[in-house]
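> What follows is a predicted protein model with its sequence.
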Amino acid sequence: MFQDILDFLMKFGPWGLFIHAFADAVIFPIPAFFLQVSLSMLNPSNALWLATAGFIGCLLGTPLGYLIGKVLGKSVLYKLLKTKWIDAATNMFNKNGEAAIMIGSFTPIPFKVFTILSGCLNFPLWRLMVYAALGRATKFYVVGILFYLYGRSAEGMVKDVSMYIALIAVPIISAVIYFNRRRKRKRSLALEQQEDAVEPSAAPSAGQPPVKQKGLEQTSDQTPSV
């Protein structure tokens, strides 16, 4: 059935890939990568336009996948997707935090797992969009550039493209996020230290007489002037 859908979408060229990429971020179980490769094989000179169509479609579908997870909860994942995909994505979130979204862009796990799971976990939508844009742009355009430069001979190159991208990009992404968090922690600690240094004046200690204010008190033996 799914192959019939792919064959149907191929008839529409870039628009078919746009629809596939949109659905890939929401509910469709087959990654848009496969249709992108098939269409790029037919017309390699059109590969960059195909990459753009797929990228835009994915970005537009991402908020819808997020909304499904936020409204329906995690139980919807187990009804729509394979348990092994959900468990793998959950482990990636637990180990890598927000970096899991970009890492997930390069894995065989369908991207909708990460969009829906982000909604279930109440992950900020704007961050999801930023990481999705970075990760999916890399995936779509690396494939597109390879076909544009090498033509049909790029078919063998893109088979393991996700693995190669992950090997290069994941360590870099993880390092950037780690040092960014470290910088934020240092800044937060410095602000706390400044707040502790600027404390309100302490109350008078026990046994210390209060300071009298001039003009507010008079002694009882003072005689008013005539």
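All right, it came through fine. Numbers count the residues shown, from 1 in each chain.

> Tell me how many other residues crowd G151.
15 (other Cβ atoms under 10 Å). Using the backbone N, CA and C atoms, a C-beta is placed for each residue, glycine as well.

> Can you pull the phi/psi pair for S105?
Dihedral angles of S105 (phi, psi; degrees, to the nearest 10) stand at phi -70, psi -20.

> Which pLDDT value belongs to it?
With respect to pLDDT, S105 scores 72.

> Equivalent analysis for V211, please.
52.

> Same check on G119?
pLDDT recorded at G119 is 86.

> what do you get for the one 3 residues further on?
Each residue has a pLDDT score; the one for N122 is 84.

> ok, now the one 5 residues further on?
The confidence metric pLDDT takes the value 85 at R127.

> Let me see the ranges of the helices in the chain.
With helices called from DSSP state H, the chain shows them at 2-10, 14-24, 32-42, 47-72, 75-80, 83-96, 99-104, 112-120, 125-150, 155-158, 161-197.

> Can I get these in TSV including mean neighbour count?
TSV is the format used below for the helices of the chain (neighbours: other Cβ atoms under 10 Å):
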stretch	mean neighbour count
helix 2-10	13
helix 14-24	23
helix 32-42	21
helix 47-72	21
helix 75-80	14
helix 83-96	15
helix 99-104	25
helix 112-120	27
helix 125-150	19
helix 155-158	15
helix 161-197	12
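
> Could you list the low-pLDDT ranges of the protein?
Along the chain, segments meeting pLDDT under 70 span 96-98, 107-108, 160-174, 176-178, 199-226.

> try it again with 90
1-11, 24-34, 43, 68-128, 130-139, 142, 146, 150-226 (pLDDT under 90).

> Spatially central residue in it, please.
The centre of the chain sits closest to L128, judged by Cα atoms, centre = their mean, with a distance of 3.2 Å.

> is it true that that residue touches T62?
Yes - using Cβ atoms under 8 Å, L128 is in contact with T62, at 6.5 Å.

> Pull up the overlap in contacts between those two.
Residues touching both L128 and T62 by Cβ atoms under 8 Å, 6 or more residues apart in numbering: T115.

> If we ignore the residues flanking it in sequence, what's nearest the residue nearest to the centre of the chain?
S118 (4.7 Å; Cβ to Cβ, 6 or more residues apart in numbering).

> show me what contacts the one you found?
66, 69, 101, 125, 128.

> Correct me if wrong: the first one contacts I116.
Going back to what we said before, that points to Y66. Yes - at 7.2 Å, Y66 counts as touching I116 under the criterion of Cβ under 8 Å.

> Could you measure from the residue nearest to L128 over to W15?
S118 sits 27 Å away from W15 when distances are taken as Cβ to Cβ, to the nearest Å.

> now V71
To W15, V71 is 29 Å away according to Cβ to Cβ.

> who touches A100 in this structure?
The contact partners of A100, taken as Cβ under 8 Å, 6+ apart, are 89, 92-93, 114.

> ok, so what distance separates it from A47?
Distance, A100 to A47, by Cβ to Cβ: 28 Å.

> CSV for the contacts of S118, including distance to G151?
CSV is the format used below for the contacts of S118 (distance: Cβ to Cβ, whole Å):
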residue, distance to G151
Y66, 37
G69, 40
I101, 32
L125, 39
L128, 35
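
> Just the closest of those to N43, please.
Using Cβ to Cβ, I101 comes nearest to N43 of the contacts of S118, at 31.1 Å.

> Spatially nearest residue to the closest one, not counting backbone neighbours?
Y131 (3.9 Å).
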